[in-house]
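[1] turn this into a model:
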Amino acid sequence: MAPMDLTVGFDLDMTLIDSRPGIHAAYRALSAETGTYIDADAAVTRLGPPLEEELAHWFPAAGIPAMADRYRELYPAYAIAPTPAMPGAREAVEAVRALGGRAIVVTAKHEPNARLHLEHLGIEPDAVIGRLWAEAKAGALREYGAQVYVGDHVGDVRGARTAGALSVAVPTGPCPEEELRAAGADVVLPDLTALPRWLAAYVAAEPATA
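    Numbers count the residues shown, from 1 in each chain. The predicted structure is shown next:
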């Protein structure tokens, strides 16, 4: 593989960032404002799928669009500052660049809020594409020519496989290693700190392209 041909996609929540503290705070704020009980402790164990799926546990269907909009409005004030990078996140993105490639983030999160997280943490991908989940991520991965997609959820595995990309999984979110492997992950790493070494070996093993 010629280095400039390399494009690696990353999921955001529980892959590049530990969004549990921030999301917990945002749900508590929404609960306080609306007077509707939300079990924020439970909600942060289910990160990955779109926001609307979680809100369906707490609000009637007709109210979910408005509650999703309000959550996203509250989010910057409550969720950005408490959210740290996952171990190895910056180094993983930098490793792609060091090999002459592009790093993109493809996430189910509202894109402006995803960008706020990355800017706050000093993580600088080449592109950020939001509001895509599971198989729907494949469109963005194909558009950018991603050969590899790194994520923590079985939905990320499905997105990678739909796109024809190599699925690299990290069991740092809600899905354990055996579940990721059963979903079809091609590679399971313990966390992102292992990605730079794996990626260098992957690029070295690929035949060069014209």
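
[2] show the pLDDT at Asp5.
    With respect to pLDDT, Asp5 scores 89.

[3] in what helix or strand does the closest residue to Phe59 other than its chain neighbours lie?
    Nearest residue to Phe59 in three dimensions, chain neighbours excluded: Met67, at 5.0 Å (Cβ to Cβ, 6 or more residues apart in numbering). To be clear about C-beta, it is placed using only N, CA and C from the backbone, and glycine gets the same treatment. Assessed by DSSP states H and E, Met67 sits inside helix 64-79.

[4] list the buried ones in that helix?
    Buried residues in helix 64-79, counted by 16 or more other Cβ atoms under 10 Å: 64, 67-68, 71-72, 74-76, 78-79.

[5] just put the residues you listed in a markdown table and tack on distance to Leu47 and pLDDT.
    What follows is the buried residues of helix 64-79, written out as a markdown table (distance: Cβ to Cβ, whole Å; pLDDT from 0 to 100):
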| residue | distance to Leu47 | pLDDT |
| --- | --- | --- |
| Ile64 | 18 | 98 |
| Met67 | 17 | 98 |
| Ala68 | 15 | 98 |
| Tyr71 | 14 | 98 |
| Arg72 | 15 | 98 |
| Leu74 | 17 | 98 |
| Tyr75 | 14 | 98 |
| Pro76 | 18 | 98 |
| Tyr78 | 16 | 98 |
| Ala79 | 12 | 98 |
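
[6] ok but Leu199 is inside a strand, no?
    No. Read with DSSP: H, G, I helix; E, B strand; the rest coil, Leu199 is helix and lies in no strand.

[7] tell me the contacts of the spatially closest residue to it that is not a sequence neighbour?
    Excluding its sequence neighbours, the residue lying closest to Leu199 (Cβ to Cβ, 6+ apart) is Ala95, at 5.5 Å. Each residue near Ala95 by Cβ atoms under 8 Å, 6 or more residues apart in numbering is listed here: 195-196, 199-200.

[8] just Thr34 next, same as before
    Counted by Cβ under 8 Å, 6+ apart, Thr34 has contacts 67, 70.
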